[in-house]
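J.: Just a sequence and a predicted model for now, questions to come.
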Amino acid sequence: MAFLYMEAVVGFMIFMYFFETYLDIRQYKALKLPTLPKTLEGVISQDKFLKSRAYSLDKRYFLFVQKFVKIVMDSTILYFWVLPWFWKKSEHLVTLVGLNAENEILHTLGFLAGVMIWSQITDLPFSLYLTFVIEARHGFNKQTIWLFFRDMIKGMLIAIVIGPPIVAAVIVMVQKGSPYLAIYLWGFILVLSLVMMTIYPVLIAPLFNKFTPLPEGTLREKIEKLAASLKFPLKKLFVVDGSTRSTHSNAYMYGFFKNKRIVLYDTLIQQYKNDDEVVAVIAHELGHWKLNHTLYGFVLFQVLTLLQFGGYTLVRNSSDLFRSFGFDTQPVLIGLIIFQYTVIPIQHLVSFGLNLGSRSFEFQADAFAKKLGYAAELRAALVKLQEENLSAMNTDPWYSAYHYSHPPLVERLAAIDKSDKKEK
């Protein structure tokens, strides 16, 4: 009976793999269609459509292979008790370097070091192929191999600096125990997330990209005027050198309370000859802020985090659960890992629900930008983003409903046009 937990987890993972592969096949068939959706005919050029189709199909082939390898590896690791074997091996590693393996914090850090190395090794071939074959083939990749590995090494070093104190704090809290443990863990993660949201754009992001103030000119004036009209507390307006790595374009905002910042990818500015189209993109993003979407998302994330820690505290002392995954001890980190595996079914449902909410927010932000008078510019901007990023033009409705956090272009344009007709 002790093995039923693990077998149920592996069985559900395999079931979800086949279900998602079915959706992938549906999407593959949609991508193979030789013509544009009727609503995009005359809107998207045939040349861009063919390039988008080729790019989307290349990525689809890649994902078929990547997902198959992942499910085989994950199932093997769980079913053949690789995790407990690696946990014991990490104990020997900690002892080998002269540290006390009976100290759970040191043992856990040794285990995580091995996991990080393993994940880098297994992910590296896929990352290299995606970046230097698929992205390069379709004109997106601008990275050199040196820049790629430099970013990877920087990421690992940051994890080495930030990770141990966080891991140690969580282990100490769980070891001390408390009827309010879930609240303590949630509070710790809340403070941690606020700190990281504060220091990441200031200290960490600049390690990977260069952020410069948007030069004086009509674009800056229009964005600042729009922000002021909405009482958005814009403190800084940056351009990030995304073109050093990719030609994909984007824009985003961040910051707390009265200290907001907007970041534009340099590729976004280069691709848009009309400043008003860039402003329309910003109007959409400001719509998320004005309609409190960011706040709703943050609060929802905190609620889900608290519920997860509440669930963890209920099962963390279940020796049967640990034994089912091959562990004869009950380390804090392993308990968290096992708990994450056991709630995979719930996570899939939550993810689906979050996607539904996110798509609703996108429609609302589009409508907000339209009310500001940017309907035509937003429409043009969405088409340009679709073309320049070679995003999929044909999408399967089941696939997009399950996976997409943003509505397909066809649906967004239809919503804008529909509201136009209503107003007329």
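T.: Happy to help now that I have it. Because the structure is predicted, anything quoted here is derived from the model rather than measured.
J.: tell me what the helix or strand harbouring residue 13 is packed against?
T.: Counting by DSSP states H and E, the secondary-structure element that holds residue 13 is helix 4-31. Here helix 4-31 is seen to pack against helix 46-79, helix 319-324, helix 332-342, helix 344-369, helix 397-403 when contacts are counted using 3 or more CB pairs under 8 Å, 6 or more residues apart in numbering; DSSP states H and E. In this view, the C-beta of every residue, glycine as well, is placed from N, C-alpha and C.
J.: The helix or strand following the longest one - what's its average pLDDT?
T.: Note on helix 46-79: by DSSP H and E, the next helix or strand toward the C-terminus is helix 82-96. Per-residue pLDDT values over helix 82-96 give a mean of 90.
J.: what helices or strands is helix 82-96 leaning on?
T.: On a contact count with 3+ CB pairs under 8 Å, 6+ apart, helix 82-96 meets helix 104-129, helix 332-342.
J.: now the ones you listed as JSON lines including mean pLDDT, distance to residue 322 and mean neighbour count?
T.: Output for the helices and strands packed on helix 82-96, formatted as JSON lines (pLDDT from 0 to 100; distance: least, CB to CB, whole Å; neighbours: other CB atoms under 10 Å):
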{"stretch": "helix 104-129", "mean pLDDT": "94", "distance to residue 322": "14", "mean neighbour count": "16"}
{"stretch": "helix 332-342", "mean pLDDT": "92", "distance to residue 322": "7", "mean neighbour count": "19"}
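J.: May I ask you to confirm that residue 321 is in contact with residue 341?
T.: No - using CB atoms under 8 Å, residue 321 and residue 341 do not qualify as a contacting pair, with a distance of 9.9 Å.
J.: Would you check how far apart residue 308 and residue 342 are?
T.: Separation of residue 308 from residue 342 (CB to CB, to the nearest Å) stands at 11 Å.
J.: Spit out the residues that contact the two alike.
T.: Taking CB atoms under 8 Å, 6 or more residues apart in numbering as the contact criterion, no residue touches both residue 308 and residue 342.
J.: ok so, going back, could you list the buried residues of the helix holding residue 13?
T.: 5-6, 9-10, 13, 17, 20-21, 23-24, 26-28, 30-31 (16 or more other CB atoms under 10 Å).
J.: Also stretch 344-361?
T.: 355, 359, 361.
J.: for those residues, which one is nearest residue 36?
T.: Within the buried residues of stretch 344-361, distances to residue 36 taken as CB to CB reach their minimum at residue 359, with 21.8 Å.
J.: OK, contacts around the closest one?
T.: Residues counted as contacts of residue 359 (CB under 8 Å, 6+ apart) are 404, 405, 406, 407.
J.: Verify the stated contact: the last one with residue 364.
T.: Okay, so that is residue 407. No - if you go by CB under 8 Å, residue 407 and residue 364 don't touch, sitting 11.2 Å apart.
J.: Pick out whichever of these two has more residues nearby.
T.: Taking other CB atoms under 10 Å, residue 407 and residue 364 do not tie; residue 407 has more neighbours (20 against 17).
J.: What pLDDT is listed against that one?
T.: We have a pLDDT of 91 for residue 407.
J.: tell me the mean pLDDT over stretch 33-42?
T.: Over the span of stretch 33-42, the pLDDT mean works out to 89.
J.: ditto for stretch 186-195
T.: Along stretch 186-195, the predicted confidence averages to a pLDDT of 91.
J.: can I have it written out in CSV, keeping just the CAs?
T.: Taking Å, rounded to 0.1, in the frame of the first residue of the first chain, the C-alpha atoms of stretch 186-195 are listed here in CSV:
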residue,chain,number,x,y,z
TRP,A,186,3.7,32.2,3.9
GLY,A,187,4.9,35.4,5.6
PHE,A,188,8.5,34.6,4.9
ILE,A,189,7.8,34.0,1.2
LEU,A,190,5.7,37.2,1.0
VAL,A,191,8.6,39.3,2.5
LEU,A,192,11.1,37.5,0.3
SER,A,193,9.0,38.1,-2.9
LEU,A,194,8.7,41.8,-2.0
VAL,A,195,12.4,42.1,-1.4
